[in-house]
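Q: Task: produce atomic coordinates for the following.
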Amino acid sequence: MQSRCYIRIVTLFVYTLWPAVLIAADKATPLDELLEMDLARLMDVEVNLVSRTPQRQFDTPAAVYVISREQIQRSGLKTIPDLLRLAPGVQVGKIDGSTWSIDIRNNPSRFSRNLQVLMDGRTLYNPLFGGVNWDVQDTFLPDIERIEVIRGPGGTLWGTNAVDGIINIVTRRSEDTIGTRLQGLVGRGDVAYDGGGRYGTRLSENLSARAYVKTRELDNGEFLDSSQSNNTLFPAGDIAHDDANLTQAGFRSDWHKQSATLSLQGDYYDGETRDVNSTITSNPGNSDTDVSGGNLLARWTQRYRHNSELKLQAYYDYTRRSDETFREKHNIFDLDIQHSFSVPRQRLTWGVGYRHLQDKTQNKPPGTFALRPENRNDNLYTSFAQDQINILPNKLQLTVGGKFEHNDYSGYEYQSSGRLLWTLNTRHNIWAAITRAVRTPTRADEDAILDFGDFIIPISDENSKAQPMLSREIGYRGQWAHWLAVDVATYWNRYSHTGSTSTREIWGFEVNPHLAFGENLSVETWYAYSRGRRNTPAGQKTNQELVPNHTAGLSSYWQPQTNWQTDITILYVDSTGRTNVDIDSQTRLDLHVGWAANRHWRLDGGLNNLLDAKHAESFDSTKINTGVRRGGYLQIGYNFE
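A: As a prediction, the model looks like this:
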């Protein structure tokens with residue numbers, strides 16, 4: 001079984017690289033010209049996550065990967081969670097038709113509680129569970145500029161829950177989206193339909209704005225047999241009716257003048273998600289959840305002399321979810337102030353923040369999940385400081401920082417880090433980091449009960465503790481030739497208070513070569529290895545096989561003609577062992593073809609999950625996991641500037 005998987009991967013690898021062979025064989029195109037494609041622009045991509053200020057990806061002492069706008073368009077993946085499959089070390093598995101489990105270098109979970117996920121600096125956060133509701137995270141995909149992914153902790157700057165990694169979805173400035181864009185998609189397997197439009201305009205020389213509206217329906221999964229899922233009620237092969245539909249609208253406006261910029265943006269969504277629950281607190285079967293929410297964000301940036309910059313950001317976020325047994329409403333108010341300035345050989349950044357969380361819940365007994373008290377207000381106070389020290393200018397840089405927070409569950413928490421960057425020359429560097437990060441308790445950790453009407457059963461711990469993690473990382477980043485860039489990262493993570501007094505350890509590495517065969521063909525590859533174990537107070541060590549030992553990916557982006565694109569994505573995930581369910585290894589093959597008829601019209605088509613009629617990807621104990629089906633899509637787009 002495993003050998004067949006390896007043979008399949010090698011075969012697909014050769015198939016993916018065949019365009020390079022054909023191009024190189026063309027006598028009219030010398031090989032030297034084909035390799036003139038300089039990957040320096042890849043190393044020059046700016047990211048904001050590592051230092052909270054724009055920084056070249058090449059100069060970041062962290063395991064950073066950027067999913068570009070071109071990859072988003074050409075991968076054939078049509079949801080934000082699925083797009084994260086393109087990043088090395090990111091574990092993405094679909095539980096059912098509308099639910100994902102996601103994590104970085106760790107056991108993926110439904111709410112991604114060890115990740116900090118942001119969109120344009122706004123935290124996508126559910127205060128009840130301290131995680132992300134992936135089923136409602138969406139936007140007009142052509143307006144995404146890039147997705148920045150840090151593999152490894154970043155709590156020193158971004159706060160608690162930035163334990164395993166950080167994901168920041170960055171949308172384009174409104175001045176870059178002038179004109180009208182309409183697109184519609186029909187498909188099967190991942191997305192049933194997705195349609196929307198955006199209009200952008202320049203209101204004055206310094207002011208621009210855009211607005212969008214879209215609607216989307218995720219496709220149903222398919223019931224699996226009991227060897228691949230916790231399904232014991234429904235015939236394998238039946239449609240599970242676990243889809244989701246969402247309608248969303250939003251806007252963004254940007255103003256700039258000399259040394260100041262102001263951005264104002266917001267979104268609103270409304271829809272319904274469906275799943276097949278399996279909890280002991282409700283009758284197994286289909287359950288519908290009404291969802292709605294919105295947000296409004298303002299960000300002011302002021303630059304001063306001597307390389308000084310001040311940022312002020314404030315946002316409001318509203319979320320409502322309601323199913324047959326539980327209702328929740330959240331209001332989040334967040335304020336963040338950040339100041340950066342330079343002194344000889346140093347760049348200092350400091351900031352303070354305040355977040356107010358207000359939630360209201362209601363349950364329907366008997367035997368249902370509930371929170372007591374039903375309503376609660378919480379406050380979070382934060383401060384941080386970071387210093388980038390150029391020990392040897394352009395050669396050796398040390399970055400040290402710390403973050404101090406106070407929350408209403410575990411009180412005061414601190415997080416710290418030290419990062420060293422050694423620049424060998426303009427094409428190669430080595431970095432190392434040691435970081436302490438913390439995941440703090442949430443309402444579900446402290447206030448959860450089972451409500452039987454006449455009596456209740458506590459299922460949480462009033463004295464729940466924060467879970468610290470200590471991480472050690474070493475990495476290398478280099479451009480070996482005009483056509484080859486390589487990124488390597490190794491890590492060892494130790495988690496404390498992960499059940500009683502036990503600890504967990506996870507270690508591994510990632511390798512990410514990027515090849516460019518001329519202007520018309522590039523190949524992105526990566527491989528990640530991970531192992532884990534749990535250590536008990538008695539000194540026992542048990543292997544943890546919940547994290548896939550081997551994952552790999554390969555994407556080929558080929559443009560045989562100016563108006564044609566042919567792209568292939570291959571993803572491999574090793575098998576994992578879960579309670580009562582074993583998730584087999586999977587190899588996913590996606591194909592995409594794009595044709596630009598003229599400067600206005602574009603047609604895209606693709607096939608997804610070609611190698612399996614259906615397969616299981618992940619598991620959650622509260623619902624029946626269903627199979628991801630083979631499918632495809634056809635999309636037509638109109639663009640007028």
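
Q: can you map out the strands along the stretch 101-250 of the chain?
A: Counting by DSSP state E, counting those that start in this stretch, the stretch 101-250 of the chain has these strands, from start to end: 115-119, 122-123, 144-151, 165-171, 179-188, 191-202, 207-218, 244-257.

Q: wait, what's in contact with residue 635?
A: Shown in contact with residue 635 (Cβ atoms under 8 Å, 6 or more residues apart in numbering): 183-185, 194, 603-605. For the C-beta atoms, the positions are set from N, CA and C on the backbone; glycine is no exception.

Q: Derive a PyMOL selection command for the buried subset of those residues.
A: In PyMOL, a selection of the buried entries from the contacts of residue 635 looks like this (16 or more other Cβ atoms under 10 Å):
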select buried, resi 183+184+185+194+604+605
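
Q: returning to that earlier point: what's the closest of the strands of the stretch 101-250 of the chain to residue 83?
A: strand 144-151 (6.4 Å; Cβ to Cβ).

Q: list the helices and strands the closest one packs on?
A: strand 63-68, helix 69-74, strand 165-171 (3 or more Cβ pairs under 8 Å, 6 or more residues apart in numbering; DSSP states H and E).

Q: which residues are contacting the longest one?
A: Surrounding strand 165-171, the residues in contact under the criterion Cβ under 8 Å, 6+ apart are 48-49, 80, 84, 89-90, 103-105, 114-121, 139, 143-154, 158, 252, 265.

Q: Return the members of the residues you listed classed as buried.
A: Looks like the contacts of strand 165-171 have 49, 80, 84, 89-90, 103-105, 114-121, 139, 143-154, 158, 252, 265 buried, using 16+ other Cβ under 10 Å.

Q: one step back: mind giving me TSV with the helices and strands packed on strand 144-151 and columns for mean neighbour count, mean pLDDT and distance to residue 560?
A: Listed next are the helices and strands packed on strand 144-151 as TSV, based on neighbours: other Cβ atoms under 10 Å; pLDDT from 0 to 100; distance: least, Cβ to Cβ, whole Å:
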stretch	mean neighbour count	mean pLDDT	distance to residue 560
strand 63-68	22	92	20
helix 69-74	19	92	13
strand 165-171	23	94	30
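
Q: Just put the ones you listed in CSV and tack on distance to residue 514.
A: Formatted as CSV, these follow (distance: least, Cβ to Cβ, whole Å):
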stretch, distance to residue 514
strand 63-68, 10
helix 69-74, 11
strand 165-171, 20
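
Q: Which one, of these, ends up nearest to residue 320?
A: strand 165-171 (21.9 Å).

Q: element containing the nearest residue to residue 380 once chain neighbours are set aside?
A: Distances taken as Cβ to Cβ, 6 or more residues apart in numbering place residue 355 nearest to residue 380, at 4.2 Å, with adjacent residues excluded. Using DSSP states H and E, residue 355 falls within strand 346-363.

Q: ok, that strand: who's next to it in the sheet?
A: strand 326-343 (antiparallel), strand 375-392 (antiparallel) (DSSP bridges).

Q: Now the two most distant members of the contacts of residue 635.
A: Among those, 194 and 603 lie farthest apart (Cβ to Cβ), at 15.1 Å.

Q: residues touching the nearest residue to residue 269 once chain neighbours are set aside, list them.
A: Spatial nearest neighbour of residue 269, excluding adjacent residues (Cβ to Cβ, 6+ apart): residue 248 at 4.0 Å. Applying Cβ under 8 Å, 6+ apart, we find residue 248 in contact with 138-139, 213-216, 267-270.

Q: 6 Å - rerun?
A: 138, 214, 269 (Cβ atoms under 6 Å, 6 or more residues apart in numbering).

Q: Burial check on the last one, number of neighbours?
A: What it means is residue 269. For residue 269, the count of nearby residues is 22 (other Cβ atoms under 10 Å).

Q: what about it, which helix or strand?
A: Per DSSP H and E: strand 260-277 holds residue 269.

Q: What residues of that strand count as buried?
A: Buried-residue list, strand 260-277, by 16+ other Cβ under 10 Å: 261-277.

Q: on that earlier part again, would you turn the strands paired with strand 346-363 into TSV with mean pLDDT?
A: Shown next, in TSV, are the strands paired with strand 346-363 (pLDDT from 0 to 100):
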stretch	mean pLDDT
strand 326-343	94
strand 375-392	94
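
Q: and of the ones you listed, who's closest to residue 226?
A: Nearest to residue 226, of the strands paired with strand 346-363 and by Cβ to Cβ, is strand 326-343 at 27.5 Å.

Q: What ranges does this protein have for its helices?
A: 2-16, 18-25, 31-34, 40-43, 69-74, 80-83, 155-158, 443-446 (DSSP state H).

Q: OK, contacts around residue 257?
A: Counting by Cβ under 6 Å, 6+ apart, residue 257 has contacts residue 206.

Q: Report the beta-bridge partners for it.
A: residue 260.

Q: one step back: same list (the strands paired with strand 346-363) but as a markdown table, adding mean neighbour count and distance to residue 293.
A: A markdown table is the format used below for the strands paired with strand 346-363 (neighbours: other Cβ atoms under 10 Å; distance: least, Cβ to Cβ, whole Å):
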| stretch | mean neighbour count | distance to residue 293 |
| --- | --- | --- |
| strand 326-343 | 17 | 8 |
| strand 375-392 | 16 | 18 |
